[in-house]
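# Output the structure for:
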Amino acid sequence: MISQCQSLNTPGNGRPVNHECQRCLLIGTKYKPKNASGSYGGYLRCPRFFVNPNLLYFMRLIMYRFLHFQKKIPMIVTLHDIIPITNPEFCRYRDAIACQFLIRHAIRKAAGIITDSHYSAEQIVTRFPQVQSKLNIIYPGIDHDRFTPAINRNELAQQLLRQFRLYSPHFLLCVTTLNPRRNLVRLIQAFSTYLQSSKDTDICFVIAGCRGWKDHTIFKTIEQLNLETRIHFLQEISDNDIVRLNQAALAAINGSLLEGFGFPVLESMACGTPVICSSTTSLGEISGGAALPIDPTDKTTIVEAIHTIVQNQSIWNDLSKRGLERSKNFTWEKTARATYKVYEDCL
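So this is what the prediction gives:
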């Protein structure tokens, strides 16, 4: 059984996908529905779904609404965070309302709850103390077969320079969705201040990820600061290119205001790339002292961190080494074994 549950470690994008085993049913994660309507029917791919499974596990809260009517079947749900409840201002209004309902319903009905970090667990218990006995903290893993240091970082950077027509092969990287919670306006302002103060003419800023919501201020800020040639947005790029960008980046930066975990931080670390990272919420916990910490609300500390990591080779080398070691603590095998233990407890 444990070998089947270890199919969580998949070659696709480093995140878990659905799988079938003899005693449980795992529902939904990063799988994208193929139907043109964009409905979530594609998540329900496990053939045992209609054969009365012993256990239901929801890795995406959105799927809980489809199956919570299965009254007699024990259910486990992963709450990656409860941001719609704690900070609804960081969500679209309709999403916040829907997720608030689903979170409260899941907390009442689930036999077991999994969350990704101690920070998220504290947030959950603070608001829902009755769930403490069934709450489990299980760190997700990353795909160490894909996120590895580059054989030749400089050569790879030159390849990416040509492929994406970058300003320079020396770039800071931020892998994120464009939305207010990710604090991109302040990161861009800090990058502009760094360029002005350092007179650095050989660095650019690459933001890789899809557009989200309320992102117009990001592009307006870039225009106001005349940074159109120094900041690159790479949208809808392949998983393989995400790996290559992480391997070639001069440094990765994550200035998010609020996170329940932080995959991009660990993926950069696993590639040997130094990380500048918020010290708040779960990010300080996940980085574990292996990143250069910043206060995401203080532009000055972000500027100083960029200057330090770009200009100080010894600190760069130290952060690269420490980050690589830190990332080794997060594997899908550990995640699968801990998750299987929750299965046993709920059956």
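
# where exactly do the strands run in the stretch 1-150 of the chain?
Read by DSSP state E, counting those that start in this stretch, the stretch 1-150 of the chain holds these strands, from start to end of the chain: 25-27, 56-58, 75-78, 112-115, 135-137.

# In its sheet, which strands sit next to the last one, and in what direction?
What it means is strand 135-137. As defined by DSSP bridges, the strand partners of strand 135-137 come to strand 112-115 (parallel).

# Over to the second one?
Partner strands for strand 56-58, per DSSP bridges, with pairing direction: strand 25-27 (parallel), strand 75-78 (parallel).

# I'd like to know which of these has the weakest mean confidence.
Among the strands paired with strand 56-58, strand 25-27 has the lowest mean pLDDT, at a mean of 44.

# that older thread, residue 180: which of the strands of the stretch 1-150 of the chain is closest?
Taking CB to CB, strand 112-115 is the member of these nearest to residue 180, at 23.1 Å. To be clear about C-beta, it is placed using only N, CA and C from the backbone, and glycine gets the same treatment.

# What's the mean pLDDT across that closest one?
On average, strand 112-115 scores 95.

# contacts for that strand?
When contacts are defined by CB atoms under 8 Å, 6 or more residues apart in numbering, strand 112-115 is touched by residues 74-81, 106-107, 121, 124, 131, 134-138, 260, 339, 342, 345-346.

# Of those residues, grab the buried ones for PyMOL.
Paste this into PyMOL to select the buried members of the contacts of strand 112-115, with burial taken from 16 or more other CB atoms under 10 Å:
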select buried, resi 74+75+76+77+78+79+80+81+106+107+121+124+131+134+135+136+137+138+260+339+342+346
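
# Going by neighbour count, list what's buried in stretch 134-153.
For stretch 134-153, by 16+ other CB under 10 Å, it's 134-144, 146-148, 150, 153.

# cool, stretch 90-109 as well?
90-91, 96, 98-99, 102-103, 106-107.

# and what of stretch 209-229?
Neighbour-count burial for stretch 209-229 [16+ other CB under 10 Å]: 209, 212, 215, 218-219, 221-222, 225, 227.

# Now, those residues that are in helices?
218-219, 221-222 (DSSP state H).

# Now distance to residue 243 and pLDDT too, for those residues, in CSV please.
Formatted as CSV, these follow (distance: CB to CB, whole Å; pLDDT from 0 to 100):
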residue, distance to residue 243, pLDDT
218, 25, 96
219, 27, 95
221, 29, 97
222, 26, 96
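
# Packing partners of the lengthiest helix in the chain?
Counting by DSSP H, the longest helix found in the chain is helix 93-109. Judged by 3 or more CB pairs under 8 Å, 6 or more residues apart in numbering; DSSP states H and E, helix 93-109 is in contact with helix 64-67, helix 83-86.

# can you dump the C-alpha coordinates of it into CSV?
Presented in CSV, the C-alpha positions along helix 93-109 are these (Å, rounded to 0.1, in the frame of the first residue of the first chain):
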residue,chain,number,x,y,z
TYR,A,93,-15.0,38.5,-3.4
ARG,A,94,-16.9,35.6,-4.9
ASP,A,95,-13.9,33.2,-4.2
ALA,A,96,-13.7,34.3,-0.6
ILE,A,97,-17.4,33.7,0.1
ALA,A,98,-17.3,30.3,-1.6
CYS,A,99,-14.1,29.2,0.1
GLN,A,100,-15.3,30.4,3.5
PHE,A,101,-18.3,28.1,3.3
LEU,A,102,-16.3,25.2,2.1
ILE,A,103,-13.6,25.6,4.8
ARG,A,104,-16.2,25.7,7.6
HIS,A,105,-18.1,22.8,6.1
ALA,A,106,-14.9,20.7,5.8
ILE,A,107,-13.8,21.5,9.3
ARG,A,108,-17.1,20.3,10.7
LYS,A,109,-17.4,17.1,8.6
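
# Let me know the average pLDDT across it.
Helix 93-109 comes out at a mean pLDDT of 90.

# Flag every buried residue along stretch 305-324.
So stretch 305-324, judged by 16+ other CB under 10 Å, has buried residues 305-306, 308-310, 316, 319-320, 322-324.

# and if you look at stretch 121-130?
121, 123-124, 128.

# For it, what is the distance to the chain centroid?
Here stretch 121-130 is found 22 Å from its chain centre; the criterion is CA atoms, centre = their mean, to the nearest Å.

# what do you get for stretch 132-144?
With CA atoms, centre = their mean, you get 14 Å for stretch 132-144.
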